[in-house]
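Got a predicted structure here, sequence first:
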Amino acid sequence: MPDVNAHNSAPVTLYRNPKSGHCHRVELMLALLDVPYETIDLDMGNGAHKAPEYLRISPLGQVPAIEDNGVTLSDSNAILTYLVERYGDTAVWRGADPVEKAEVQRWLSIAAGEIAAGPCAARLVTLFGANLDHEAAKARAHALFAVMETHLTGRDWLAAAHPTLADIAGYSYISHAPEGGVSLSPYPSIRAWLGRIEALPGFVGMARSPELA
């Protein structure tokens, strides 16, 4: 069970880029858990994420990172795990039995693998000018979405009968895939799943950019 007295001082500080899906998944988790937080937007174009004071929080110079009453942590999926372990119902968010726990972990791996290489990478090209193969990223995204569309047919959530970390880790980049030129129109089950996440109490969205698909 969550430690109801665990957050009795300063709010969690979230260091972010407001258009980063990795950062948004952490903000979404904070909001759904009703954990008080504040955001600090890093001027990454001018190297704020490589400043010595920030590297003490995030040694690889990556966003997101958090400070929580003396705890500093980076890596979005690690932060999600920390937040539900400290402030949430772990059986709900991380799985109640070995199969659910394994399914959640599988989708966290997909978030760090196929989602990062697919819809995330495609969006990095269009929004941030990343020097990546845009067509290859779009193809990876559609390959993943075809698998997810089949997986979500007849079920509401990715890993259990209710939302888990799997859904939170997957939402941001998939919802914003059209900004990278990856259309969601062929995937009605994915779009319905996104709508269910957006209907959760406390949901917060990520800043929208013009869609290319």
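Great, that's in hand. Numbering: from 1, shown residues only.

Looking at this structure, which helix is longest?
Longest helix of the chain, by residue count under DSSP state H: helix 134-152.

I'd like the next helix or strand past that one.
Counting by DSSP states H and E, the element after helix 134-152 in chain order, helix or strand, is helix 165-175.

Other residues contacting the longest helix of the chain?
With contact meaning C-beta atoms under 8 Å, 6 or more residues apart in numbering, helix 134-152 is reached by 110, 114-115, 117-119, 121-122, 124-126, 158, 174, 177, 180-182, 184, 186-190, 192-193. For glycine as for every other residue, the C-beta is placed from the backbone atoms N, C-alpha and C.

Stretch 186-193 too?
Contacts of stretch 186-193 (C-beta under 8 Å, 6+ apart): F145, M148, E149, L152, T153, D156, W157, L158, D167, I174, L184.

so which of the residues you listed would you say is closest to S9?
Ranked by distance to S9 (C-beta to C-beta), the contacts of stretch 186-193 are led by D167 at 29.8 Å.

Show me where this protein dips below the pLDDT cut-off.
1-8 (pLDDT under 70).

Show me the strands in it, by range?
12-16, 37-41, 65-68, 71-74 (DSSP state E).

what sits against the residue nearest the centre of the chain?
Computing the C-alpha centroid of the chain and ranking residues by C-alpha atoms, centre = their mean puts R25 first, at 2.8 Å. Residues near R25 by C-beta under 8 Å, 6+ apart: S76, L80, A111, I168, A169, Y171, S172.

switch the cut-off to 6 Å
When contacts are counted by C-beta atoms under 6 Å, 6 or more residues apart in numbering, R25 touches S76, I168, A169, S172.

Would you confirm that the second one contacts L30?
By that I understand I168. No. The pair formed by I168 and L30 falls short of the contact definition of C-beta atoms under 6 Å, at 10.4 Å.

Which one's more surrounded, these two?
Using other C-beta atoms under 10 Å as the criterion, I168 and L30 rank with I168 on top: 27 against 23.

ok, the more buried one - contacts?
By C-beta under 6 Å, 6+ apart, the neighbours of I168 are R25, L28, M29.

Save those as a markdown table, and put in distance to P11 too.
Putting these into a markdown table (distance: C-beta to C-beta, whole Å) gives the following:
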| residue | distance to P11 |
| --- | --- |
| R25 | 18 |
| L28 | 16 |
| M29 | 14 |
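
out of these, which one sits closest to V12?
Nearest member of the contacts of I168 to V12, counting by C-beta to C-beta, is M29, at 10.3 Å.

quick one on the thing from earlier: the longest helix of the chain to helix 165-175, inter-axis angle?
Helix 134-152 and helix 165-175 are oriented at 140 degrees to each other (axes from the mean of the first three to the mean of the last three C-alpha atoms, to 10 degrees).

How about exporting helix 134-152 as PDB, limited to the C-alpha atoms?
The C-alpha coordinates for helix 134-152 follow below in PDB (Å, rounded to 0.1, in the frame of the first residue of the first chain):
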ATOM      1  CA  HIS A 134      12.500   9.300 -40.700                       C
ATOM      2  CA  GLU A 135      11.100   6.700 -43.100                       C
ATOM      3  CA  ALA A 136      12.600   3.800 -41.100                       C
ATOM      4  CA  ALA A 137      11.200   5.200 -37.800                       C
ATOM      5  CA  LYS A 138       7.700   5.500 -39.400                       C
ATOM      6  CA  ALA A 139       7.900   2.000 -40.600                       C
ATOM      7  CA  ARG A 140       8.900   0.700 -37.200                       C
ATOM      8  CA  ALA A 141       6.000   2.700 -35.700                       C
ATOM      9  CA  HIS A 142       3.500   1.100 -38.000                       C
ATOM     10  CA  ALA A 143       4.900  -2.400 -37.400                       C
ATOM     11  CA  LEU A 144       4.500  -1.800 -33.700                       C
ATOM     12  CA  PHE A 145       1.000  -0.400 -34.100                       C
ATOM     13  CA  ALA A 146      -0.200  -3.300 -36.100                       C
ATOM     14  CA  VAL A 147       0.800  -5.600 -33.200                       C
ATOM     15  CA  MET A 148      -0.800  -3.300 -30.600                       C
ATOM     16  CA  GLU A 149      -4.000  -3.100 -32.600                       C
ATOM     17  CA  THR A 150      -4.400  -6.800 -32.600                       C
ATOM     18  CA  HIS A 151      -3.400  -7.000 -28.900                       C
ATOM     19  CA  LEU A 152      -6.000  -4.300 -27.900                       C
END
